[in-house]
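K.L.:
Below are the sequence and a predicted model for it; my questions follow.
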Amino acid sequence: MSKTISEINEKVRSGKAVVFTAEEIIDVVRKKGVPKTAREVDVVTTGTFSPMCSSGAFLNIKQTKEKMKFGGGIVTLNGVPAYAGIAAADIYLGAAAMPEEDPGNANGKPGKFRYGGAHVIQELVAGKKVTLKALGYGTDCYPKKHRKQEIGLEEMNDAFLFNPRNCHQNYNVAVNISNKPVYTYLGKLKPNIGNAGYCSAGQLSPLFNDPHYRTIGIGTRVFIGGAQGYVAWPGTQHNPAASRLENGTPRTPAGTLALVGDIRRMSTEWLRAVSFTGYGATLSLAVGIPIPILDEAVVQSVSVTDAEIKAPIVDYGCFYPRGEGNATLGEATYAQLKSGSIRIGEKDVPTGSFSSYLLARKVAGHLKGLIEHGDFLLSEAQASLPGAVEDKEAAA
Amino acid sequence: MKNIGEEIRRLEDRCTSCTACIPHCPTRALDVDRKSWQVSFDAKKCVVCLSCLEVCIYKAMLGSFP
């Protein structure tokens, strides 16, 4: 027996859809079995809340009476440079952008990176004004050459996140085999494998629940930062050819998603700027993606547990930065990572996550509520992601 | 007498309970309940090493050495 997204949406509209989170469905499948779950459940919601590197905002700034072309000029928001080489009024503010005067990691000291592009985006989402400063060269149609103004979302025609790479399907567990601390995008790593950093919601994470991209594709509606957005494209570095376990989940970083969403509909409950000491600023985001329960193969995929998915343990002291030494030091399941300690060689190594499982649960639960109340309809993907296995037998 | 750990504060509205700080806290003043995934801070156990201030990406830990 199989269902279509259209049939599922009819149930969503009438408030009769049966929805579970990707965590809850594990017990449902244990109790009811796969065939009965496939018949009785309509949607499983996934969720994640973590730093989403490769994020940023397209902003279209309203013109003043005397018009100005930003393109080819210089634009900053609260001192943070935005990319202006697009057109007259469009700019792109990257989450990792930093003010020119930020010291970075000068003098061998790990920098604080207290205020970058992500912080500007957070202030805009919070309804605050930021200082726009722009220099242009002036044209006959856009004569203004200087502009300084306090602007918020009201002074913009459009403001949307366009994130080239979010929702990594899996990610490295970072450790440091060198004899000095290193500061990375997986946090501070103590020398001699003193700790391990990881970043995934594991069994709640969107692409772990759709390992072969059967239901998540280009055009899939998603919950992003508090708004409804879409999968715009495969994310940069999307690599469906990664080595996989028998259950289809990748053993290394694999699929990624480029996501788009309207900033005006976002809230700081679901979007936060972050500063990694010694590394930089970026944006933490809530992303939730519903998985339509089309058939038994989809049930198999969404019932995957933390004990059944693995991440590679990678040395960020020598191998990752310079390619020296061993590529991986082993693998750990997400159940092991979430226990607080993993075994590497003869050593028990404490683990810490940058992905909040507490908030991943909240995201998946919130999306479940939206669907149950008919406020979030599922969408048919308009095109598959590269590497998608559309055939249900092949995916099973 | 004031406990030394009272110099350090955890701002609950900033903390996402991600657990990045946990392996850096030498006294388990910062800990997590692995069922609810709620991170907690016990000032009585804190020795003000300030490690958490360095590793918290949300700047949820505030304070300084007295």
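P.N.:
That came through, no problem. Numbering: from 1, shown residues only, chains lettered A, B, ... in the order given.

K.L.:
Please see if the worst-scoring helix or strand of chain B on mean pLDDT touches chain A.
P.N.:
Lowest by mean pLDDT, DSSP states H and E among the helices and strands of chain B is strand B:9-10, with a mean of 94. No: against chain A, strand B:9-10 shows no contacts by Cβ under 8 Å from any Cβ of the partner chain, the least distance being 14.3 Å. From N, CA and C alone the C-beta is placed, and that goes for glycine too.

K.L.:
Would you mind listing the outside residues contacting that strand?
P.N.:
B:Leu30, B:Val39, B:Phe41, B:Ala60, B:Met61, B:Leu62, B:Gly63 (Cβ atoms under 8 Å, 6 or more residues apart in numbering or on different chains).

K.L.:
Mind naming the longest helix for chain A?
P.N.:
helix A:357-372 (DSSP state H).

K.L.:
in that helix, what's buried?
P.N.:
For helix A:357-372, a neighbour-count test (16 or more other Cβ atoms under 10 Å in any protein chain shown) marks A:357-368, A:370-372 as buried.

K.L.:
show me which of these neighbour chain B.
P.N.:
A:Tyr357, A:Leu358, A:Leu359, A:Arg361.

K.L.:
isn't the third one right up against A:Ala286?
P.N.:
Yes: taking Cβ atoms under 8 Å as the contact criterion, A:Leu359 and A:Ala286 are neighbours in contact, 6.7 Å apart.

K.L.:
what do the two both touch?
P.N.:
Both A:Leu359 and A:Ala286 are in contact with A:Gly47, A:Phe49, where contact means Cβ under 8 Å, 6+ apart.

K.L.:
What parts of the stretch 251-396 of chain A come near chain B?
P.N.:
With Cβ under 8 Å from any Cβ as the criterion, the stretch 251-396 of chain A comes near chain B at residues A:272, A:274-277, A:284, A:338-340, A:350-359, A:361.

K.L.:
Produce a PyMOL select command limited to the buried residues of these.
P.N.:
In PyMOL, this line selects whichever of those come out buried by 16+ other Cβ under 10 Å:
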select buried, chain A and resi 272+274+275+276+277+284+338+340+351+352+353+354+355+356+357+358+359+361
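
K.L.:
and the residues of the stretch 251-396 of chain A next to chain B, which of them are in helices?
P.N.:
Those of these lying in helices (DSSP H): A:Lys338, A:Tyr357, A:Leu358, A:Leu359, A:Arg361.

K.L.:
Which two of the residues you listed have the greatest separation?
P.N.:
A:Lys338 and A:Leu359 (14.5 Å; Cβ to Cβ).

K.L.:
any idea of the pLDDT on A:Cys53?
P.N.:
Per-residue confidence (pLDDT) for A:Cys53: 85.

K.L.:
tell me which residues of the longest strand along chain A are tucked away?
P.N.:
Secondary structure of chain A per DSSP state E: the longest strand is strand A:156-166. Neighbour-count burial for strand A:156-166, counted by 16+ other Cβ under 10 Å, picks out A:Met156, A:Asp158, A:Ala159, A:Phe160, A:Leu161, A:Phe162, A:Asn163, A:Pro164, A:Arg165, A:Asn166.

K.L.:
What's the nearest residue in the stretch 101-250 of chain A when you look at chain B?
P.N.:
A:Asn195 (3.9 Å; Cβ to the nearest Cβ).

K.L.:
can you pull the contacts of the closest residue to that residue other than its chain neighbours?
P.N.:
Leaving aside its sequence neighbours, A:Asn195 sits nearest to B:Pro23 (Cβ to Cβ, 6 or more residues apart in numbering or on different chains; 3.9 Å). Residues in contact with B:Pro23 (Cβ under 8 Å, 6+ apart) are A:Lys190, A:Gly194, A:Asn195, A:Ala196, A:Pro350, A:Thr351, A:Gly352.
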